[in-house]
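# Any chance you can model this:
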Amino acid sequence: MNYPIYLDYNATTPCAPEVIEAMLPYFGTHFGNAASKSHPYGWVAENAVEEAREKIANLIGAKTKEIIFTSGATEAINLGIKGTFEAFSGEKQHYITALTEHKAVLDTFAELEKRGAEVTYLPVDSTGNIGLEELEKAILPHTKMICLMWANNETGIIHPVEKIAQIAQSKNIIFFTDAVQAAGKIPVHTRGIHLMAISAHKLYGPKGVGALYVRHNHDLPKPLAQIHGGGHEKGMRSGTLNVPGIAGFGKAAELRLEEMILESDRLENLRNKLEKGLLELSDTFLNGSQESRLPHVTNIAFGGMEGEELLKKVNQKVAVSSGSACTSISPKPSHVLAAMGISSDLGRASIRFSLGKNTKEADIEFTLEWVKKVVAELRKNT
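As a prediction, the model looks like this:
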C-alpha cells in the first residue's frame, strides 16, 4: 500500500524497532505465564514483567510497586475512577473534572453520575485552559477526586499540574491525571499525584497495554479492583499478564527517557515551521494557546470550507485527524473545541497535526504544499 505521510502520532505511534526486538522472545522462546511460580518458564516471564515495571516507574518518577499493568489507558482510567467511587461506597461523593477531558474520562464520569455521584465539569477559556480559582471554588466538603489531564490530546495544552496537585493536597483530595499524551513526550512526575494513567502505544510501544500509577505513601483510599479472578497485580487487576506487550512497554519507556528531550526540541522546530506556514493562509486560526503546550502538536482551523471534505482530501497524501482517534468516526465537531467556544462549522474544519520520531523536514515541506493546494481548491469550489 502506498501510505500517506503520517502526522497523527497523537492517535498512535509505530513500535520502535528496539521495542519489537524486546517483545519477540516472549511470544515464543520465553512463552511462560508470569503467574507460574513453580518453574523457569514462569520465572523468566515474571522477571521480564518486573524489569519493565521498573523502567516504566523510572519514566514517571514512581516506585516500582506503584505500577499496575492494564490493557491500556481506558482500563486504567476506569479502574482509577470507578475503583475510587467504590472505595468510598456509602458516602456522599463529588468529583471535579473538565469539559475537555478525553472521552474515556468523560464517559466514565457519566457512568458514575448514573450511580449517584455528583460531578462538576470545569469550563475552559478560548485557549483551552482551566481557571485555578474556579477549580478551588468547585471543591465541596464531600469532593473525593480532582481528575484533570496532564496534556490535551487535541490541542496539546498542558495543564498546571503542580498547582492542581497543591490544591488537591491542601484539601486532602485524590488527584488523578490522565498523562497519556504527556508521558514519554515531556518530563512528568508523581509529586502530589495519587493516580496516573499512561499508555504504551502513545510512546512507541505496543497497543493493548497500559498502566495505572497508584501512589502508596498516603492515607486516602486506593481504588478497588474492577476485574476479579486470581488477584494479579497486587489484587488490583486480575488476569494473565500480556508479557510480550509489557516487555515492549518497558523498552519503550527506557528509550523515551533517553531520547525525549532532544527529540522534543527537534519536533518543536518542525511543528513551528508547519504552523507558521499554515497560518499564512487567510482565514486560518490556531486552536489553543501557543504557551505551555506539547512540542509536537498543532491544531489549525480552516475557515470557509466544509470540514469533512477538507479532512478527506488532506488524508489522501497526509494522514491527520480532526481530534481524538476514539471519536474520529463521528461527524460531530470536537467536544474539546466546542468547550473552547469554537463554532461547530470551524470545529469540523479543524485539523490536528501531531509529529513524531519519523517526521522529517521534507515531510513538513510536502505537507505545507499539499494542504495549501487542498485549501485553495476547496475554497475555489465553495
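# What residues does the closest residue to residue 80 other than its chain neighbours make contact with?
Of all residues not flanking residue 80 in the chain, residue 195 sits nearest, at 4.4 Å (CB to CB, 6 or more residues apart in numbering). The way it works is simple: take the backbone N, C-alpha and C, and place the C-beta from them, glycine included. The contact partners of residue 195, by CB atoms under 8 Å, 6 or more residues apart in numbering, come to 80, 84, 174, 175, 176, 177, 212, 213, 214, 215, 223.
# most neighbours, which of those residues?
residue 80 (30 neighbours; other CB atoms under 10 Å).
# Show me what the helix or strand harbouring it is in contact with.
Under the criterion of DSSP states H and E, residue 80 resides in helix 73-87. If you take CB under 8 Å, 6+ apart as the criterion, helix 73-87 is touched by 68, 70, 93, 95, 102, 104-105, 108-109, 111-112, 115, 117, 144-145, 147, 174, 176, 178, 180, 195, 197-199, 202, 210-212, 214, 221-227, 236-237.
# tell me the mean pLDDT over the very next helix or strand once past it?
The first helix or strand that comes after helix 73-87 along the chain, using DSSP H and E, is strand 94-98. Per-residue pLDDT over strand 94-98 has a mean of 98.
# just the angle between strand 94-98 and helix 73-87, please?
160 degrees (axes from the mean of the first three to the mean of the last three CA atoms, to 10 degrees).
# Just give the strands next to strand 94-98 in its sheet, each with its orientation.
Strand 94-98 has its sheet partners listed here by DSSP bridges as strand 118-122 (parallel), strand 143-147 (parallel).
# Check which helices and strands the helix or strand containing residue 23 sits against.
Using DSSP H and E, residue 23 sits in helix 17-23. For helix 17-23, the packing partners by 3 or more CB pairs under 8 Å, 6 or more residues apart in numbering; DSSP states H and E come out as helix 243-279.
# Buried residues, the helix it packs on. List them.
For helix 243-279, burial by neighbour count (16 or more other CB atoms under 10 Å) applies to 243-257, 260, 263-264, 266-268, 270-271, 274-275, 277-278.
# how does this structure divide up, domain by domain?
As given by automatic domain parsing, the domain ranges for the chain are 5-12+260-381, 17-254.
# most centrally placed residue in the chain?
Nearest residue to the geometric centre of the chain (CA atoms, centre = their mean): residue 180, 2.6 Å.
# so what's that one up against?
73, 102, 149, 153, 197, 198, 199, 202, 210 are the contacts of residue 180 under CB under 8 Å, 6+ apart.
# correct me, but the fifth one touches residue 223?
No - when contacts are counted by CB atoms under 8 Å, residue 197 is not listed as touching residue 223 (11.4 Å).
# Spit out the residues that contact the two alike.
80, 212.
# ok, the residue lying closest to residue 349 once chain neighbours are set aside - contacts?
Computed as CB to CB, 6+ apart, the closest residue to residue 349 that is not its neighbour in sequence is residue 307, at 3.9 Å. When contacts are counted by CB under 8 Å, 6+ apart, residue 307 touches 322, 333, 345, 347, 348, 349, 350.
# All the strands of this protein, in order from the start?
All strands of the chain, identified by DSSP state E, fall at 5-6, 67-70, 94-98, 118-122, 143-147, 174-178, 195-199, 210-214, 284-286, 297-302, 318-319, 350-354.
# Please determine how far residue 175 is located from residue 284.
Counting by CB to CB, to the nearest Å, the gap from residue 175 to residue 284 is 37 Å.
# Equivalent analysis for residue 303, please.
With CB to CB as the criterion, residue 303 and residue 284 are 7 Å apart.
# next one: residue 219
51 Å.
# Of the two, give the one with the bigger neighbour count.
More neighbours surround residue 284 than the other of residue 219 and residue 284, with 18 against 5 (other CB under 10 Å).
# Next, find the distance separating that one from residue 30.
Residue 284 is 52 Å from residue 30, by CB to CB.
# With residue 93 instead?
44 Å.
# Residue 51 too?
Taking CB to CB, one finds residue 51 at 12 Å from residue 30.
# With residue 351 instead?
43 Å.
# Tell me which of the two has more neighbours.
Applying other CB under 10 Å to residue 351 and residue 30 shows that residue 351 carries more neighbours, namely 24 against 18.
# Tell me who's in contact with the residue nearest to the more buried one when sequence neighbours are not counted.
Computed as CB to CB, 6+ apart, the closest residue to residue 351 that is not its neighbour in sequence is residue 320, at 5.1 Å. Residues in contact with residue 320, defined by CB under 8 Å, 6+ apart, are 7, 8, 311, 314, 351, 352, 353.
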